[in-house]
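Q: Predicted model, plus sequence, below.
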Amino acid sequence: MVLSPQNLAANVHAVRSRIAAAAARCGRNADSITLVGAAKGQPLTAIEAVAAAGVLHFAESYAQEGLAKIAAFAASGALGGAALTWHFIGHLQANKTRGVAERFSWVHSVDRLKLAERLSAQRPHYAPPLNVCIEVNLAAEPGKAGAAPGEAGALVRAVAALPRLRVRGLMCLPPAEVEESRQRGWFAELRRLFEALNAEGAGLDTLSMGMSADIEAAVLEGATLVRVGTALFGPRPRP
């Protein structure tokens, strides 16, 4: 069931309140944390309502679905659709890179150099460099994408040398944990890697981490982008 615009606006307020409370706990400015609506499976009407409530960054996990939504917003001009910033956060197949390189502003899930090379080659010359994050598989979980922590530095350096990309930071999707202390442990590991790379001159400014169930832990450990789906939109509608 798609929630009403009023309920969606209330969800936006609730999520922003969670971010602000966590930021206050660690002395951070909540404005330094960008809320990204993870809109996989959500209809355009729900995205429009969340955008009307002030969320201007949205993420998609499937290239075809995301490209269709971007085109629909551009065609309709709804809520100044061109002003929305679109992030790709899913596993990206090599044969789906062109549309993502052309239409998205961010890709959070770069985990191999070959993928980055395709994105760089296919990024239009008239567009600004594509912002990318290196995805890190912190727990070496089978079936999950991401570079190993020990390989992330070399990948950051290699991707940074590509002409049409801008390496902004690191992303993770850690093992699901219930206790905040255990959630924080994984995010702290990514933050330490981020800090170590910056100490070597990487110039990173983005930590993409945290979802509906662990927003607080991510903010406490330095997240600058939180990717929130269910807490904003409710459960994804069934096909």
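A: Cool, got the structure.
Q: the bottom helix or strand of the chain by mean pLDDT?
A: helix 63-76 (a mean of 91; mean pLDDT, DSSP states H and E).
Q: For that helix, C-alpha coordinates in PDB please.
A: Coordinates of the C-alpha atoms in helix 63-76 are reproduced here as PDB (Å, rounded to 0.1, in the frame of the first residue of the first chain):
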ATOM      1  CA  ALA A  63      19.300   0.700 -13.700                       C
ATOM      2  CA  GLN A  64      16.200   0.300 -15.800                       C
ATOM      3  CA  GLU A  65      13.800   1.300 -13.100                       C
ATOM      4  CA  GLY A  66      15.900   4.300 -12.100                       C
ATOM      5  CA  LEU A  67      16.400   5.600 -15.600                       C
ATOM      6  CA  ALA A  68      12.700   5.400 -16.300                       C
ATOM      7  CA  LYS A  69      12.000   7.500 -13.200                       C
ATOM      8  CA  ILE A  70      14.600  10.100 -14.000                       C
ATOM      9  CA  ALA A  71      13.100  10.400 -17.500                       C
ATOM     10  CA  ALA A  72       9.600  10.600 -16.100                       C
ATOM     11  CA  PHE A  73      10.500  13.400 -13.700                       C
ATOM     12  CA  ALA A  74      12.400  15.300 -16.500                       C
ATOM     13  CA  ALA A  75       9.400  15.000 -18.800                       C
ATOM     14  CA  SER A  76       6.800  16.100 -16.300                       C
END
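Q: Report the separation between the nearest residue in space to V110 that is not next to it in sequence and L173.
A: In space, and not counting its chain neighbours, V110 is closest to V132: 4.8 Å by CB to CB, 6 or more residues apart in numbering. C-beta coordinates here come from the backbone N, C-alpha and C atoms, glycine included. From V132 across to L173, the span is 16 Å (CB to CB, to the nearest Å).
Q: What is the burial count for the residue nearest to V110?
A: 27 (other CB atoms under 10 Å).
Q: G27 now?
A: 6.
Q: Also the one 5 residues further on?
A: Other residues within reach of S32 by the criterion other CB under 10 Å amount to 11.
Q: what do you get for the one 10 residues further on?
A: Neighbour count for Q42, taken as other CB under 10 Å: 25.
Q: residues touching it, list them.
A: 2, 233, 236-237 (CB atoms under 8 Å, 6 or more residues apart in numbering).
Q: which of those residues are buried?
A: The neighbour count (16 or more other CB atoms under 10 Å) marks F233 as buried among the contacts of Q42.
Q: Now render the contacts of Q42 as TSV, adding pLDDT and secondary structure.
A: Shown next, in TSV, are these (pLDDT from 0 to 100; DSSP: H, G, I helix; E, B strand; the rest coil):
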residue	pLDDT	secondary structure
V2	78	coil
F233	96	helix
R236	76	coil
P237	70	coil
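Q: Most widely separated two among the contacts of Q42?
A: V2 and R236 (10.0 Å; CB to CB).
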